[in-house]
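In: Everything below, folded, please.
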Amino acid sequence: MKIVKKILLLLLVVFVVAQFFGPEKNEGSLESVTAFLEETKPPEHVKTILVETCFDCHSNVTRYPWYSNITPVNYWLSNHVKDGKKHFNVSAWEGSSVKRKDHKFEELIEMVEDKEMPLPSYTWAHGDAKLSDQQISDVLKWANQVRTMYALQPRPQ
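Out: Reported below is the predicted structural model:
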């Protein structure tokens, strides 16, 4: 029984020390999404959906909940954000080709239609991020309009 207490004490000490370390946070300014918003022109209600449900993982602007300061949760969140930005980062929109932007919107449409985005692990902690059928419809309508805009733009040969 004494060994169990020592192991538990050691684990507690490791947990407490770990709280002083953590990954770098993804905290930029909303200005980093300006180019995306200006180019894609989402209606105000769609812009609200994007800010509330997408930008935390798909931009350089993450709003961190209180529990993001607890190790190991902070590492899990950091990996989640890095992975989201790797697939679709609206803060890196400027300078991307029309072909790439169109492809990203094609993926966005597919993921939202299939209700794969936002991720269940995100909506579990952020209940207000769970999209209603009407919100999904609004996002898809806007995304398809953006794809139409890209289809009309000339592409380099």
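
In: which stretch of helix or strand covers the nearest residue to Glu116 once chain neighbours are set aside?
Out: The shortest distance from Glu116 to any non-neighbouring residue, by Cβ to Cβ, 6 or more residues apart in numbering, is to Glu110 (8.0 Å). Quick note: C-beta positions are derived from backbone N, CA and C, even for glycine. Using DSSP states H and E, the secondary-structure element containing Glu110 is helix 98-113.

In: buried stuff in that helix?
Out: Residues of helix 98-113 classed as buried: 101-102, 104-105, 108-109, 112 (neighbour count, 16 or more other Cβ atoms under 10 Å).

In: what about it, distance to the chain center?
Out: Centroid separation between helix 98-113 and its chain, computed with Cα atoms, centre = their mean, to the nearest Å, is 15 Å.

In: Give me the contacts around it.
Out: Contact with helix 98-113 is made by 87-88, 93, 96, 116-117, 131, 136, 139-140, 143-144, 146-147, 150-151, 153, 155, as judged by Cβ atoms under 8 Å, 6 or more residues apart in numbering.

In: Now the element after it, going C-ward?
Out: Moving toward the C-terminus from helix 98-113, the next element (DSSP H and E) is helix 120-125.

In: And that following helix, what's buried?
Out: For helix 120-125, by 16+ other Cβ under 10 Å, it's 122-123.
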